[in-house]
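S.K.: pasting a predicted model and its sequence here:
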2 protein chains.
Amino acid sequence: MWNAPKVGILGGGQLGRMLVESANRLNIQANVLDADNSPAKQISFHDGHVTGSFKEREAVRQLAKSCDVITAEIEHVDTYALEEVASQVRVEPSWQAIRTIQNKFDQKEHLRKYGIPMADHRELVKNTPEELAEIGEQLGFPMMLKSKTMAYDGRGNYRVNSKADIPAALEALKDRPLYSEKWAYFKMELAVMVIKTKDDVLSYPTVETVQEDSVCKLVYAPARNVSDTINEKAQALARKAVSAFEGKGAFGVEMFLLEDDSLMLCEIASRIHNSGHYTIEGCGLSQFDSHLRAILDLPIPAKSLEIRQPSIMLNLIGGSTTDSHLQAAEHALSIPNASIHLYSKGAAKPGRKMGHVTVTAPTMHEAETIIQPLVEVVDNIRAQRSDVKTPAAKSGPSPPPPQVAVIMGSDSDLKTLVPGLKLLRDYFGVEPAVEITSAHRTPNYMADYSAQAASRGIKVIIAAAGGAAHLPGMAAAHTALPVIGVPVKGSSLDGVDSLYSIVQMPRGVPVATVGINNSINAALLAARVLGSFDPAIQRKVEAYAEDARAENMEKKGTKLRELGWEKYFEQM
Amino acid sequence: MWNAPKVGILGGGQLGRMLVESANRLNIQANVLDADNSPAKQISFHDGHVTGSFKEREAVRQLAKSCDVITAEIEHVDTYALEEVASQVRVEPSWQAIRTIQNKFDQKEHLRKYGIPMADHRELVKNTPEELAEIGEQLGFPMMLKSKTMAYDGRGNYRVNSKADIPAALEALKDRPLYSEKWAYFKMELAVMVIKTKDDVLSYPTVETVQEDSVCKLVYAPARNVSDTINEKAQALARKAVSAFEGKGAFGVEMFLLEDDSLMLCEIASRIHNSGHYTIEGCGLSQFDSHLRAILDLPIPAKSLEIRQPSIMLNLIGGSTTDSHLQAAEHALSIPNASIHLYSKGAAKPGRKMGHVTVTAPTMHEAETIIQPLVEVVDNIRAQRSDVKTPAAKSGPSPPPPQVAVIMGSDSDLKTLVPGLKLLRDYFGVEPAVEITSAHRTPNYMADYSAQAASRGIKVIIAAAGGAAHLPGMAAAHTALPVIGVPVKGSSLDGVDSLYSIVQMPRGVPVATVGINNSINAALLAARVLGSFDPAIQRKVEAYAEDARAENMEKKGTKLRELGWEKYFEQM
């Protein structure tokens, strides 16, 4: 039975606010420790809140008195206060986890013991130019100089490009505990939300993050152009890293994907995280739902962490005036399937996170296309800021991956394929991937191409071949996709050789054979296959049939009736 | 620019609460007029709320002073108060619309003028047995006796089965203004949420509602086994009916689908509605988002009203004890993709709406399957109530619609098809729809069957025929689906006649032809087509190929190496 637990939250910013949204829906009282009008308190009216700061020991003590479990929306809390109250109230995740994680150097030293791959790093003990120069010799330039504590959203980091930058770097981060990190040459930044429960470590799928001004700008869920293998490896790495800490709840794990497709951990947050906001619309349970359930030992069905539809999250960042970010929110009202979340933080400062928008769509390409105008509005707002000089992070929609592959054994077959290729591209708007690969001359390439087609997003393969036409059947032997075979008429046997070679496949390996030289029908068949799962394409198949009917009935039939058969034949 | 409008809401129950959720996310202040701890006020902390009842004139006046626009979560408000304040503040929808709609007889008389189809009804003027008996003569028995006002969730309705029921009916509804309605023999109850904006009337898709104890129990979105035509007709009827009223916002429209597939309007609510709760998870914008935007003249992209994934909403109704509904909420925690909404209404009374759960899934069948255990928990909670005697409304999952149709010209082709049919059913778990229909003997049935296949959910057709094999090509001429042709070997020509008849289709109408008599390959091809869009099926296609490889390489190859070719051949 519902036991009406009371949850205490250190911090009432946007993360606390979205956590309170989840608590509200389960009728769980969330007692927030923060200033009186903080975003989280605005949507939660009861007398259990505590006024104060999550860094004040006395305030934490007061919160602990009225709660069954305490959690935090931020790492930078007073963990000694948490340690003290942990004897009276559950603290999730553990104060030890938060204490280790809030110090980024300790975090990395801890993770190193668990074999987590990370960029090489060195602690500074004396914070002198000589010491940093020596570390620079070891790690190479550029390298990052980082504050161990109170570092977030790029604050506390300084890029040291060469020995000449050392004095400026130490001046920028003076009086802070420091370490230095080898530069990571990555091709992509990935993130995974991990949910640690009383007896399990679960993960959401791997997402791609785009940073701008050292702040998260965009999140693509799932990560684009990342294979299932890497997606799963990143989740496994994230779960392994989080397993190194005690306690329950959500952890945000940021990673680099390097040029060689290996992964390197960037950092962990012991809390709900910006990279997981897409889960509100994108998944069955949001990261806030899951965090709440994890700390309360309530069930979390693993399936609820899967992505329901491709999603893109865009942050709304404070611009040059206190309300310039609202231009983006206003624009988002007209974007299809855009969910707008404003955090009610009052007047914006430049660079401050004021809200976010999540767009969902049946395909990532569609999501990219519909959010693009909003990204441009956000870029324009940023361009007005005097505190940023760099160009906006790139985020244009990538072309959709082709759904149809057209392969031929020889370029002599291309002529036969052209009518079908044109029909696909010009009538159906389906741009195929076209390739020459021969079963006889390039057997290994043919095999690899076919075997990898499905994982590249191909849904159907068209293969043309003549004579002892092996290509369609061999492609079919290397893929689970439907293969459409076009028999090409050669110089002898009228194409019957090609037809029999393609259609008379042994039981177990089918080829969908069309008439000799009939690439139009191959293209239409591919369109019908796609159309069974894409209403827009199915409507075009219907329109194509209707065009043919009208052409036959209305144009040709009318002309024949008007002219009579004899004149008609003369004009043919 | 965001103009920070203030919205006043008459009523702070669950509908008001979910409207406040939407307002919170847009940082729009919602001032709620209701009791102090009403559900909507609990999630909205500011000093703009008004304590009182939406039926008190003075309280409405007070609310109007602090708002830019006023709306209501319930029809049963004081419309004379709204009429009075309409000179100072916008009221949406109009007080006229609410006044007409809150009196169900007036609502129907008004809609009648606009040609909306409804059950025949008669007003009672004297409320005497004689008068009702005369109306019974006219409308027939059974008929419904209804209160014109304050009728909702079955309250104010009485079913009059025969003349003998008349005294009891009049006693049950005494002192109320009454009308009587002809009994509607419907096969299904449908509902549509309509959003009236300043210059448009939009609608969400048509959903199916299941009522129990005259209260909504389940909502299936979209409606199951309802053709696109009926779905669109129902939306058009709902929009037409709502167009008869002045003002902006959400309107819930309930309809009957009769045996002859015609539609009849049941009733309209001038507000956000239980039948639209599924939109929170199911659509890009929820009904609450849309209502808010409509009354504030903010944009609503039509695409955001489409259904993102099939959804089922189940109400959590108060049971025999004040917290028995929480058993269902607790069970729902373990249901995949179940979003739980509890209304924080305190102690439950039997039959009261205390919360709801929405489940989403890639297919309606999957959603039905995963919610079924929760429906059973809800049925058990209801069975404990002493105030209900009837069995629970039926709601078991319907079998999934077949995705593959297998047709043959004659039962003599069945033998050839059996290996493919068994493979589909037993290996791939795909139960096909199997039919005999001949291009030559039943040409019209063949045409209709093929033409309607796509709208029945079929994704691919397998057609087998021998001799002058027309069936695959003719089926392809009547559908936009991919058609797989199996040439059946007849008594002469070795099946070459069938092969040529099927594969050599004219340009424009493709048939995916497999080898002569090779129904296994037809089945595999169908599985490959489905597999391109269903990872589980694609994995089975891969497993099938792996089984064949292992059979050839490991079993047969090993045996040959062990026995030598001569002994092997002797044992064949």
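M.R.: Looks like it came in fine.

S.K.: please identify the helix or strand for residue A:30.
M.R.: The secondary structure element spanning residue A:30 is strand A:29-34 (assigned by DSSP states H and E).

S.K.: chain B contacts on the stretch 251-400 of chain A?
M.R.: Near chain B, the residues belonging to the stretch 251-400 of chain A are A:284-285, A:293, A:298-299, A:301-304, A:308-309, A:323, A:326-327, A:329-330, A:333-344, A:360 when assessed by Cβ under 8 Å from any Cβ of the partner chain. (Each C-beta comes from the backbone N, C-alpha and C, glycine too.)

S.K.: the same query, at a cut-off of 7 Å, please.
M.R.: In this structure, the stretch 251-400 of chain A approaches chain B at residues A:284, A:298-299, A:301, A:303-304, A:308-309, A:323, A:326, A:329-330, A:333-337, A:340-342, A:344, A:360, judged by Cβ under 7 Å from any Cβ of the partner chain.

S.K.: what mean pLDDT does the longest helix belonging to chain A get?
M.R.: When secondary structure is assigned using DSSP state H, the longest helix within chain A turns out to be helix A:364-383. Average pLDDT, helix A:364-383: 95.

S.K.: now it - C-alpha only, PDB.
M.R.: Taking C-alpha atoms only, helix A:364-383 is exported to PDB below (Å, rounded to 0.1, in the frame of the first residue of the first chain):
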ATOM      1  CA  MET A 364      15.400  11.500 -36.200                       C
ATOM      2  CA  HIS A 365      15.600  13.200 -39.500                       C
ATOM      3  CA  GLU A 366      12.100  14.500 -39.100                       C
ATOM      4  CA  ALA A 367      12.800  15.700 -35.600                       C
ATOM      5  CA  GLU A 368      16.000  17.400 -36.900                       C
ATOM      6  CA  THR A 369      14.000  19.100 -39.600                       C
ATOM      7  CA  ILE A 370      11.200  20.400 -37.500                       C
ATOM      8  CA  ILE A 371      13.500  21.700 -34.700                       C
ATOM      9  CA  GLN A 372      16.000  23.400 -37.100                       C
ATOM     10  CA  PRO A 373      14.100  26.800 -37.300                       C
ATOM     11  CA  LEU A 374      14.100  26.900 -33.500                       C
ATOM     12  CA  VAL A 375      17.800  26.200 -33.300                       C
ATOM     13  CA  GLU A 376      18.300  29.200 -35.600                       C
ATOM     14  CA  VAL A 377      16.200  31.400 -33.300                       C
ATOM     15  CA  VAL A 378      18.400  30.200 -30.400                       C
ATOM     16  CA  ASP A 379      21.500  30.900 -32.400                       C
ATOM     17  CA  ASN A 380      20.300  34.400 -33.200                       C
ATOM     18  CA  ILE A 381      19.600  35.100 -29.500                       C
ATOM     19  CA  ARG A 382      23.100  33.900 -28.600                       C
ATOM     20  CA  ALA A 383      24.600  36.100 -31.400                       C
END
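
S.K.: which parts of it are buried?
M.R.: Of the residues in helix A:364-383, those scored as buried under the neighbour-count criterion (16 or more other Cβ atoms under 10 Å in any protein chain shown) are A:364-368, A:370-371, A:374-375, A:377-379, A:381-382.

S.K.: which elements pack onto it?
M.R.: Packed against helix A:364-383, as judged by 3 or more Cβ pairs under 7 Å, 6 or more residues apart in numbering or on different chains; DSSP states H and E, are the following elements: strand A:311-317, helix A:325-332, strand A:353-360.

S.K.: export these as CSV, with columns for mean neighbour count and mean pLDDT.
M.R.: As requested, those are exported to CSV (neighbours: other Cβ atoms under 10 Å in any protein chain shown; pLDDT from 0 to 100):
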stretch, mean neighbour count, mean pLDDT
strand A:311-317, 27, 98
helix A:325-332, 22, 96
strand A:353-360, 25, 98
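
S.K.: in stretch A:164-181, what's buried?
M.R.: Buried positions in stretch A:164-181, judged by neighbour count with 16+ other Cβ under 10 Å: A:165, A:166, A:169, A:170, A:173, A:176, A:177, A:178, A:179, A:180, A:181.

S.K.: and these, which two are furthest apart?
M.R.: A:165 and A:177 (19.7 Å; Cβ to Cβ).

S.K.: show me where the stretch 351-500 of chain A has helices.
M.R.: Defined through DSSP state H, counting those that start in this stretch, the helices belonging to the stretch 351-500 of chain A, from first to last, are A:364-383, A:414-422, A:443-453, A:471-477, A:496-503.

S.K.: next, the angle from the last one to helix B:496-503.
M.R.: Pointing back at helix A:496-503 there. In this structure, helix A:496-503 runs at an angle of 80 degrees to helix B:496-503, with axes from the mean of the first three to the mean of the last three Cα atoms, to 10 degrees as the basis.
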